[in-house]
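# The following block contains a protein sequence and its predicted model.
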Amino acid sequence: MDFSFTDEQQMLLDTTRRFIAERYGFEHRNQVRASADGWSREVWAQLAELGLLAINIPEEEGGIGAGPVGNLLVGNAIGEGMLLEPFWSSAVVATHAIVALGSAEQKSKWLPALAGGETIAVLAHEEASTRFDAMNVETRATPSGDGWELSGRKSAVYHAPAANLLLVSARAGDEWGVFAVPADATGVRSSPYATVDEQRAADLVFEKVALAADARLGGDARQSLQAVLDYGLAALCAEAFGAMDRILAATLSYSRSRVQFGAPIGSFQALQHRMAEMLMHLEQARSMSYLAASRCTDPDPAARGAALSAAKALMGQAARYIGQQAVQLHGGMGMTDELDVSHYFKRLLAFELRCGTTDQHLENYRRQLRVA
Amino acid sequence: MDFSFTDEQQMLLDTTRRFIAERYGFEHRNQVRASADGWSREVWAQLAELGLLAINIPEEEGGIGAGPVGNLLVGNAIGEGMLLEPFWSSAVVATHAIVALGSAEQKSKWLPALAGGETIAVLAHEEASTRFDAMNVETRATPSGDGWELSGRKSAVYHAPAANLLLVSARAGDEWGVFAVPADATGVRSSPYATVDEQRAADLVFEKVALAADARLGGDARQSLQAVLDYGLAALCAEAFGAMDRILAATLSYSRSRVQFGAPIGSFQALQHRMAEMLMHLEQARSMSYLAASRCTDPDPAARGAALSAAKALMGQAARYIGQQAVQLHGGMGMTDELDVSHYFKRLLAFELRCGTTDQHLENYRRQLRVA
Amino acid sequence: MDLDFNLEEQAFRDEVRQFLATELPADIRDRMRRDDASRIRDDIVRWQKILHAKGWGAPAWPVEFGGTGWSKTRQYIFENECAMADAPAQLAFGIKMVAPVIMRYGSPEQQQRFLPRILAAEDWWCQGYSETGSGSDLASLKMKAERDGDEYVLNGQKVWNTLGQFADWIFCLVRTDPSAKPQKGISFVLIDMKTPGISVRPTRLLDGTYEVNEIRFDNVRVPVSNRVGEENQGWTYAKFLLGHERTNIAGIGFCKRELLRLKQDAAGTIKDGRSLLEDPAFGNKVAQVEIELTALEVTNMRVIFAEAANHAPGPEASMLKIRGTEIMQRISELQVELLGPAALAYRPDHDGSRATAAYLNLRKLSIFGGSNEIQRNIIAHMILGL
Amino acid sequence: MDLDFNLEEQAFRDEVRQFLATELPADIRDRMRRDDASRIRDDIVRWQKILHAKGWGAPAWPVEFGGTGWSKTRQYIFENECAMADAPAQLAFGIKMVAPVIMRYGSPEQQQRFLPRILAAEDWWCQGYSETGSGSDLASLKMKAERDGDEYVLNGQKVWNTLGQFADWIFCLVRTDPSAKPQKGISFVLIDMKTPGISVRPTRLLDGTYEVNEIRFDNVRVPVSNRVGEENQGWTYAKFLLGHERTNIAGIGFCKRELLRLKQDAAGTIKDGRSLLEDPAFGNKVAQVEIELTALEVTNMRVIFAEAANHAPGPEASMLKIRGTEIMQRISELQVELLGPAALAYRPDHDGSRATAAYLNLRKLSIFGGSNEIQRNIIAHMILGL
């Protein structure tokens, strides 16, 4: 039992926090958000320079190999700063997918470009059909000549509008596959939109997209795809924790300075108890973000799934409680676009809905309840 | 739309309240509770004298015919006083069962004795098998000679130890039946016990109990049995409301007089908001007790069932919240046997579990959700 | 005791339904269904004119001022039926808020000048109450009104002014005696929004809409004849207004409409071969909120009945406000949960966005009109006597 | 970061399990399973003697006083394993409460006199803190101790004295300087329960048990040498004690044991052809509480780790207390809900009664040891700085 971090891990957190404090303040983020793309290529290049895009690339592949704890700490900072750049999609999930599934050739083809930020990749997995069963994929890849033909639909793919490389999960006969598809390939149609948390996503349609044989990452991805999703979920939990931590800090600060009836509202006992409750949700959420990081590489899919569903369910509930109460305690100010509070609130709402909803993870957890 | 009560109804409430205030104070109740039977024949005789045992007997049968609103008001007072006598079982449910199902002969045989208090009857309906489906009765009555032979088990029959007449629900071939069984009939075995709310109940076993032909109340009781249960449930809700009302009043009173940190605890905002929440639960519960009284004689079983399940579910939740918070706000005093608070608390716990649990009624309600 | 509407009340309800079925313009109704059109000035004005033409422009006003003279019960039926039919809510600031104050405390001239134009939707009114430092603690407001002959000179700022960007008139609480105790030196004045010195800055909200404004007053000159009632007695009128604002505060009709929408959508969402309405876990949540709404409907009717029996609107309205807003927010949460990842998209033409936008916007319910925390204080002090 | 116990910790856990499997008397374990035997004096004493014989009588004491010298982590593992094995909890008043005070502030004579007898279960200790008017507001206590030569003369009353009906000794907070500020005039004294003038009246609780007492002191004479530390400094020692009382306050082991019991019972209750553990509605409730317990287990380990890294027990214990008691009460609620009408019966030999009795009794969790409201005040003031 050990809750300390190594010096390297601590440095990773400090680096990211410092970068955000210096280059990604709330005002600067507002400018990024108002830009056409909704994210900043300049920031992206800086993240690459800092080495942050390489934290999920193993050292032997030229990366930093910071693993789940690296994602935990960097994710915290990213959530604190509410980064709009495709970090989670490309530098965590897609990068890890290539590391986990790719051949040596595929790794050497993409990993350097992912680390450098030139390639932005996203894993396009969720569909209407995966709503209640994450593995119920309807997109299909059928053999065609030497390669494959891919058809299907993916929905709410975060950061897809920023990506030049799409990693698409699909059924391939009796097997599962993940296929690398250039974003501009013939037959790919994208409907981009802003998400509730001010990021960008797209619904994607693949219509008989012709792919070469080496477009497939590894073989049957039945097990590995779920492992990649779990790895990404842990990192998303870390981001959510960062946002929760900051929105509570903002609320405490506001409640100390806002005076009504001749006293700071933080002196009213009913609100004090509310904030105590928020803190308990936060600390329980922190514990779950640790659990998610610790278990997300467990080779046993059942143990891994149980831990991650527990984490997502509890953290989704914490996100809702903390987010709603933060807005409530800010009064009208919490409803405005002007303070960071409403933006954290929306980021936390999106967290509830991404990578499986709170309800779905609670059900997942229930289904594995055992008398042991 | 009219929330007023008639003078007769108001008088019924006043009579019962006055009786309880004068003859059934907390100290007197403690003596009754400590007695061997756990209820008082003297009080029972007084209730009969006041006419209260006749409120569910129609005027044309010599009763008062106060109906559901009568039960609402008398029930409130009984809950306020936490009566231990078999009022609900005998004067409400069993009496109503005989009125609803009985033949003219059966009515004239039993109703006067019920009104006079000489006959104490209970409806023995719940079994282990009715836990999740109130109509899944396994007790059976088979034709035998001119009459019937009854076999089966009934559980947690409130006030059965006090009863000299048992009305037993049973399957009779393809039909449902309710059978009148003298409590001392051969083949009837009773295991009496105290309940958590200090009343008395029994588990009953019927082993080939021989019954005359006229022991059966009416014919196929498929519809009417559910109607009797619903009628009784509404009266139980009224009792529960009375208990909730008093336990909140006790809590308010305690919080005004109990001084800590130099101020009455009722001046602390966190506790004020808790009591405000208790009041809202109470008022919502009151509304539901009205709804239950209004709908419990609706001839449409679906509409009646929905209203009663809604009432029981919400009132069960209110009972838990109000009861738990009342104990909490009383601190250690709320845990003692000495104040009335803990006794109301236990009465409310029993309410949650009787006549279908909160969970079961919520599920019943869900099953009838319609898009209309 | 009878929880059902009597024959006369039922006949009235049918009449309202019939009217709504034929007279509510389809384009307005469709906008309400697609997005919440209650923020669209033209729709609200058009609908008010239709109601006015029918003689139903002011359900709560006495007949002498052009109102319907309806009982509380009829008003309740009318508002709920309108909400359930997807009609835009009438603009409260004129009809429900300033008008009762003018009727009760205004001069005959003020009554003749303002009331008919409110009824006919010729004037759009808004409210100037809150200030930056005065939200829950309203009596601490600072906006100054200094007497200069027949005029007041106004300086200060109002915030959380709802839909004031469309307003012709604003009613304000202003401080006319800075030396008096906070609640004593306040007056109630009516201000033409075209008066020089008024600037309106809409506040962008978290859902991207503009619904509230910051209004600055720089040496704005208002005739003293625009003051309602006596100088320094404004707090009395504000409290009177508060009671009126709280009619139908529970929003039963809105809750029912949105609950129906939720159930319809749940019935149309299939999981493991059955709909989410039939799903035990999700269905139980829907059942729970429907049960609570059922109880609140009875509670609301009880409060109306008690008021009609010659009681003024009392602190019971605080209970209706808290539970009503909790239920509406809960329904909104469930609409988002029902959509799941489809609720992530945030663009006007996306099906999921309506529920998400509503979820964001409806956070206001527990904040405005006296936050739910303030309502709990009211219950504790006024009802429980703590 | 590593959430799992390391090899050495695992080996220790296995050793504890092995010990419990062989040394915990079956009759005690069975009483614990059937009914809560932690209220039975003989079982607690017998188990303490077994632990003492093994050298495990005082997990948190340093070796010099006969303790194990275990790390916080080992203490945590030990207590949880004991709870999960249905061992009675050690009597806290001696081992966890008065002993640390005596070790830190007591004289060498007091240490030699009292500590070995606590360890060997030769003295049963109880606590005299609360008074009728002093519950949450402990510093307002009134029980007098007047100096008379080498003795204090005690007069007053203590309430909520847990298991004092079996006690040989009691430690009390008494007022030695009535003129000082409330927290300044308090002393900490040790009193032989056989001293003349002490009368114990057990208080009947809502579950029918006798677990707490009212203790009257009428001119009870206690040697001044029985005072711990300095006169009028008792409040300092009481606060020190409070920190120690809160070790393992979350009760993870108890929660796990009762959750397992709940799951076993749910798995054995069939509804519509499947068990209640598989029932979506009830199963979700079990899942929810198991998830919260999982999180609390990690939170508890974090707190232990932080304490071990040279931090004293801090206000974080308040979080563990609140969430731990909420979870335990929730599990207890679910045990009652699972039984349904079978939980109505209240008699010792009825299966349903254990859960019902526990539900009633466990209401105390959120009241005693500093009510959960007081804990929220502590969090707000000490952690959040409000």
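Structure received. Numbers count the residues shown, from 1 in each chain, chains lettered A, B, ... in the order given.

# and residue 27, how many neighbours?
Picked chain A for this. Using other CB atoms under 10 Å in any protein chain shown, A:Glu27 has 7 neighbouring residues. For every residue, glycine as well, the C-beta is placed using N, CA and C.

# try again with chain C
Close neighbours of C:Asp27, defined as other CB under 10 Å, add up to 11.

# and C:Asn310, what pLDDT?
Per-residue confidence (pLDDT) for C:Asn310: 65.

# Just confirm C:Ala380 is within a helix.
Yes - counting by DSSP: H, G, I helix; E, B strand; the rest coil, C:Ala380 falls inside a helix.

# chain center to stretch C:205-215: distance?
How far stretch C:205-215 lies from its chain's middle: 16 Å, per CA atoms, centre = their mean, to the nearest Å.

# Kindly report the same for stretch C:136-150.
That offset, for stretch C:136-150, works out to 24 Å (CA atoms, centre = their mean).

# do stretch A:302-322 as well
14 Å.

# in it, what's buried?
Residues of stretch A:302-322 classed as buried: A:304-322 (neighbour count, 16 or more other CB atoms under 10 Å in any protein chain shown).

# just checking: which of those also lie near chain C?
Filtering the buried residues of stretch A:302-322 for proximity to chain C by CB under 8 Å from any CB of the partner chain leaves A:Arg320.

# Of the buried residues of stretch A:302-322, which belong to strands?
Nothing among the buried residues of stretch A:302-322 maps onto strands, per DSSP state E.

# Among the buried residues of stretch A:302-322, name the ones in helices.
Counted as lying in helices by DSSP state H, out of these, are A:304-322.

# what ranges of chain C fall below the confidence cut-off?
C:36-38, C:245-247, C:310-313, C:348-352 (pLDDT under 70).

# what about the helices in chain A?
Using DSSP H, helices in chain A cover A:7-23, A:26-34, A:41-49, A:67-81, A:95-101, A:104-116, A:222-257, A:269-295, A:301-330, A:332-335, A:340-353, A:358-367.

# Reformat those helices into JSON lines and put mean pLDDT next to each item.
JSON lines is the format used below for the helices of chain A (pLDDT from 0 to 100):
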{"stretch": "helix A:7-23", "mean pLDDT": "97"}
{"stretch": "helix A:26-34", "mean pLDDT": "97"}
{"stretch": "helix A:41-49", "mean pLDDT": "98"}
{"stretch": "helix A:67-81", "mean pLDDT": "98"}
{"stretch": "helix A:95-101", "mean pLDDT": "98"}
{"stretch": "helix A:104-116", "mean pLDDT": "97"}
{"stretch": "helix A:222-257", "mean pLDDT": "97"}
{"stretch": "helix A:269-295", "mean pLDDT": "98"}
{"stretch": "helix A:301-330", "mean pLDDT": "98"}
{"stretch": "helix A:332-335", "mean pLDDT": "96"}
{"stretch": "helix A:340-353", "mean pLDDT": "98"}
{"stretch": "helix A:358-367", "mean pLDDT": "98"}
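
# and those helices as CSV, adding distance to D:Ile102?
Shown next, in CSV, are the helices of chain A (distance: least, CB to CB, whole Å):
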stretch, distance to D:Ile102
helix A:7-23, 41
helix A:26-34, 55
helix A:41-49, 58
helix A:67-81, 43
helix A:95-101, 56
helix A:104-116, 62
helix A:222-257, 40
helix A:269-295, 33
helix A:301-330, 41
helix A:332-335, 52
helix A:340-353, 49
helix A:358-367, 46
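
# closest to A:Ala213 out of these?
helix A:104-116 (11.8 Å; CB to CB).

# Could you give me the buried positions within the closest one?
By neighbour count on 16+ other CB under 10 Å, the buried set for helix A:104-116 is A:106-107, A:110-112, A:114-115.

# What is the nearest of the residues you listed to C:Thr236?
Nearest to C:Thr236 out of those is A:Leu114 (CB to CB; 68.8 Å).

# Excluding chain neighbours, what is closest to that closest one?
Leaving aside its chain neighbours, A:Leu114 sits nearest to A:Thr95 (5.1 Å; criterion: CB to CB, 6 or more residues apart in numbering or on different chains).

# number of nearby residues for that neighbour?
Using other CB under 10 Å, A:Thr95 is surrounded by 26 other residues.

# Enumerate every residue touching it.
Going by CB atoms under 8 Å, 6 or more residues apart in numbering or on different chains, A:Thr95 touches A:53, A:56-57, A:111, A:114, A:121.

# Equivalent analysis for C:His381, please.
C:His381 makes contact with B:Gln272, according to CB under 8 Å, 6+ apart.

# how much space is there between it and chain A?
Distance, C:His381 to chain A, by CB to the nearest CB, to the nearest Å: 13 Å.

# Quick check: chain neighbours aside, which residue is closest to C:Ile118?
Nearest one to C:Ile118, counting by CB to CB, 6+ apart, is C:Gly94 at 4.0 Å.

# ok, the residue of the stretch 51-200 of chain C found nearest chain D - contacts?
The stretch 51-200 of chain C approaches chain D most closely through C:Ser136 (17.4 Å), counting by CB to the nearest CB. The contact partners of C:Ser136, by CB under 8 Å, 6+ apart, come to A:260-261, A:331, C:370-371, C:373-374.

# hmm, which of those residues are the buried ones?
With burial judged by 16+ other CB under 10 Å, the buried subset of these is A:260, A:331, C:370-371, C:373-374.

# leaving aside the residues next to it on the chain, what's closest to whatever residue of chain C ends up closest to chain A?
Nearest residue of chain C to chain A (CB to the nearest CB) works out as C:Leu206 at 3.6 Å. Leaving aside its chain neighbours, C:Leu206 sits nearest to A:Ser342 (3.6 Å; criterion: CB to CB, 6+ apart).

# how far away is the spatially most central residue of chain A from chain C?
For chain A, the residue nearest the mean C-alpha position is A:Leu236 (3.6 Å; CA atoms, centre = their mean). From A:Leu236 across to chain C, the span is 13 Å (CB to the nearest CB).

# That residue contacts A:Glu352, doesn't it?
No - using CB atoms under 8 Å, A:Leu236 is not in contact with A:Glu352; the gap is 11.0 Å.

# Now do the strands in chain C.
Using DSSP E, strands in chain C cover C:125-128, C:144-148, C:151-162, C:169-175, C:186-192, C:198-204, C:210-223, C:227-228, C:270-271, C:274-275.

# so what secondary structure elements neighbour the third one?
Taking 3 or more CB pairs under 8 Å, 6 or more residues apart in numbering or on different chains; DSSP states H and E as the contact definition, the neighbouring helices and strands of strand C:151-162 are strand C:125-128, strand C:144-148, strand C:169-175, strand C:186-192, strand C:210-223.

# thinking again about what came up before, run a quick neighbour tally on the residue of chain C closest to chain A.
C:Leu206, neighbours per other CB under 10 Å, totals 23.

# Please apply the same query to A:Asn136.
Using other CB under 10 Å, the number of residues around A:Asn136 comes to 12.

# what are the phi and psi values for it?
phi -90, psi 60 (degrees, to the nearest 10).

# quick one: it from chain B, how far?
26 Å.
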